[in-house]
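Asks: Just to be clear, the model below is a prediction. Sequence and coordinates:
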Amino acid sequence: MATRRAGAATGADQMRRTALTLAALALSACSSAPVLGPGVLVLPGSGRTFDQFRFDEQDCRSYAQMQLGKSSAEQESAGSTQQRYDRAFVQCMYAKGHKVPVSGRYSDHIESSPSAARTAPPPPAGQPPAGTPPDYRPK
């Protein structure tokens, strides 16, 4: 019976140690820098393989996380942590040739509209100068 009590005491000590270890791990996780993920959809660029995309994505995630580590008044006024992370991630992926979201309408084609056509202004009132060719003189 004495061995059972000793075993029970050892089990209780083991549980306390485990609980303290878990508590220490939980507290240390709170003190580290947050690891964010992109909040935007980025697609592989034309002519890029999926493996290239995955490599570039990991590289850009590291780059964006590194940009958050830099602190200055300018960066802190530039939006939330997630917004700053997303901007850095999108810039990096775009620079590597991948498709990133754009706001508004984007088109490579410039449409010409009738209102955009320019006409010459009317001539000034009065008689033309003496050196004007005859076909430009009023009749």
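Replies: Right, received. Where do you want to start? Residues are numbered from 1 along each chain as shown.

Asks: Poorly predicted segments of the chain, please.
Replies: 1-9, 19-20, 22-35, 71-77, 105-117, 132, 136-139 (pLDDT under 70).

Asks: the helices in it, which residues?
Replies: 2-31, 50-69, 73-76, 81-95 (DSSP state H).

Asks: What is the second one packed up against?
Replies: For helix 50-69, the packing partners by 3 or more CB pairs under 8 Å, 6 or more residues apart in numbering; DSSP states H and E come out as helix 81-95. From N, CA and C alone the C-beta is placed, and that goes for glycine too.

Asks: The helix it packs on: which residues count as buried?
Replies: The neighbour-count check on helix 81-95 (16 or more other CB atoms under 10 Å) flags 84-86, 88-90, 92-94 as buried.

Asks: out of these, who's nearest residue 44?
Replies: Nearest to residue 44 among those: residue 93, at 9.7 Å, using CB to CB.

Asks: In contact with that closest one, which residues?
Replies: Taking CB atoms under 8 Å, 6 or more residues apart in numbering, we find residue 93 in contact with 42, 56-57, 60, 100.

Asks: Same list, the residues you listed, but as a markdown table with neighbour count please.
Replies: Output for the contacts of residue 93, formatted as a markdown table (neighbours: other CB atoms under 10 Å):
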| residue | neighbour count |
| --- | --- |
| 42 | 21 |
| 56 | 20 |
| 57 | 18 |
| 60 | 22 |
| 100 | 16 |
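
Asks: quick one on the thing from earlier: I'd like the buried residues of helix 81-95 written out as CSV, with distance to residue 131 added.
Replies: Shown next, in CSV, are the buried residues of helix 81-95 (distance: CB to CB, whole Å):
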residue, distance to residue 131
84, 66
85, 69
86, 66
88, 65
89, 66
90, 61
92, 64
93, 63
94, 58
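
Asks: what's near enough to touch residue 41?
Replies: Here residue 41 is in contact with residue 101 (CB under 8 Å, 6+ apart).

Asks: List phi and psi for it.
Replies: Backbone geometry at residue 41, expressed as degrees, to the nearest 10, gives phi -90, psi 130.
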